[in-house]
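**Student:** Turn this into a structure:
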Amino acid sequence: TFVCAVVVCYLSNFVSLLENTKCINLKANEEKHSTEKREKQNWIAMTNFALLNDVSSSIGNSHLFGLIFARYSNPESPIVLIVDDIERTRDFQHFFLTLNIQVEEMVNDTRTEKLSEIYKSSSVNDHYFEIMCMKRFLMLDYFFTQLDSPVESVAHIDSDLILLSKNKPPYLSPDLHAWAPYPGASYFTRFTPLALNDLSSYIAGFYNRDSFSILKDLQKYGHGMKIEMHERLTRRIQEWEPRYNITMNGPPKQFSDMALLQGWFDHTNLSTEYLFPSQTLPAEYTMLVGPRQTFDRKVCQNEEGKIFNLNWRSQNNTTFSNLPNYEVRITPQSRIPLWGIHFQGSECKATMCKILCCRLLPLHQKLIPCCEKLQEIQR
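**Tutor:** Got it, this is the predicted structure:
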């Protein structure tokens, strides 16, 4: 009887030990799974807004190309499109679902509302367009501040920029909070969440100052315009500062989100970097600025031109074999593959379909209106 009792006690303790070990292992696996789920991610973000009173506006072909090539070149990255009106995306739900792209509506908070009240124009562009170009960074910041999952970085791209090389341009190094290709290049930037928040605070406070301070920074960071535009710009500035004149203050400067970004790079205490600080770029990198800067201003108007004859090479995509992975060079002999192409300007945007449709998977060609039309014409 004594022996049986000892055996039963031993077995009971052994079973209890196994159960405790099982619980510990399950807990460890849960914690490991939770850590994996919560791993910081490098996002790609694009914004889209219609011009004021353009109620018929939908998502343009250039946005769709920008998103699809962002997915091709970064198959594992989360991608978000933030739009001013979610209704403008309804016709493209299948596109977003197929390419696993998140769509969110812009949220106006107290900062964006205040910016609308205090914004002072020094631009020949439409007032609403310029202020929305600035607000988009505040709206990006709002989205990523509200996001539950941890964020390593946010790469913001303009709608007419297609990314080509996988993992290029680079992620942020551990001690870096933001980079831009060169001063004022707001069409492609990467930020940590802290840097995006800091930039948003800078933008929100820029116009909340006296006129003299604002004019000083307009002259410092603004871009020179042709002399025939001076009178128009002067009138814009005099709407909020009647004392402004060219004799006292110098020629007026075009001021936009590009100038604000450069101002922030100068003023922030966070570590930032320009990838090409001298602005003397090899041709392979100026394609990020735009084909017109790489070749000539008429490059997109001539179908025999170089933009139509780039060297496209399909690479193996070991991680996502169902998606194309392109390496593109200006010529077969070019040493450096292109990071991307910025189809800036109405002429270059008009060429996107002819150049890019044939590079898409057949399934994806059907998702872009101009590609379908092109196929109909060719048939």
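**Student:** When you work out contacts or count neighbours from here on, use the C-alpha atoms and nothing else.
**Tutor:** Noted.
**Student:** Against residue 169, how distant is residue 99?
**Tutor:** Distance, residue 99 to residue 169, by Cα to Cα, to the nearest Å: 21 Å.
**Student:** Pop out the phi and psi values for the nearest residue to residue 89 once chain neighbours are set aside.
**Tutor:** What sits nearest to residue 89 in space, not counting adjacent residues and going by Cα to Cα, 6 or more residues apart in numbering, is residue 59, at 6.3 Å. Residue 59 adopts backbone torsions of phi -70, psi 130, taken as degrees, to the nearest 10.
**Student:** show me the contacts for residue 59.
**Tutor:** 48, 88, 89 (Cα atoms under 8 Å, 6 or more residues apart in numbering).
**Student:** Shouldn't residue 216 be within a strand?
**Tutor:** No. Assignment of residue 216 by DSSP: H, G, I helix; E, B strand; the rest coil gives helix, placing it outside any strand.
**Student:** Secondary structure element for the most centrally placed residue in the chain, which one?
**Tutor:** Closest residue to the average C-alpha location of the chain: residue 156 at 1.8 Å, with Cα atoms, centre = their mean. For residue 156, the host element (DSSP states H and E) is strand 151-157.
**Student:** Which elements pack onto whichever helix or strand comes after that strand?
**Tutor:** Using DSSP H and E, the next helix or strand after strand 151-157 towards the C-terminus is strand 161-163. Counting contacts by 3 or more Cα pairs under 8 Å, 6 or more residues apart in numbering; DSSP states H and E, strand 161-163 is packed against helix 61-73, strand 340-342.
**Student:** which residues of the stretch 151-300 of the chain fall in helices?
**Tutor:** Assigned helices in the stretch 151-300 of the chain, in chain order: 193-206, 211-221, 230-238, 246-249, 257-267, 283-286, 291-294 (criterion: DSSP state H, counting those that start in this stretch).
**Student:** Which of these sits closest to residue 79?
**Tutor:** Smallest distance to residue 79 across the helices of the stretch 151-300 of the chain (Cα to Cα): 15.3 Å, for helix 193-206.
**Student:** Give me the below-cutoff pLDDT ranges for the protein.
**Tutor:** The model of the chain has pLDDT under 70 over residues 1-37, 52-57, 166-167, 278-281, 292-293, 297, 304, 316-321, 378-379.
**Student:** try it again with 50
**Tutor:** Scanning the chain for pLDDT under 50 picks out the ranges 2-11, 14-15, 17-18, 21-24, 26-28, 30-36.
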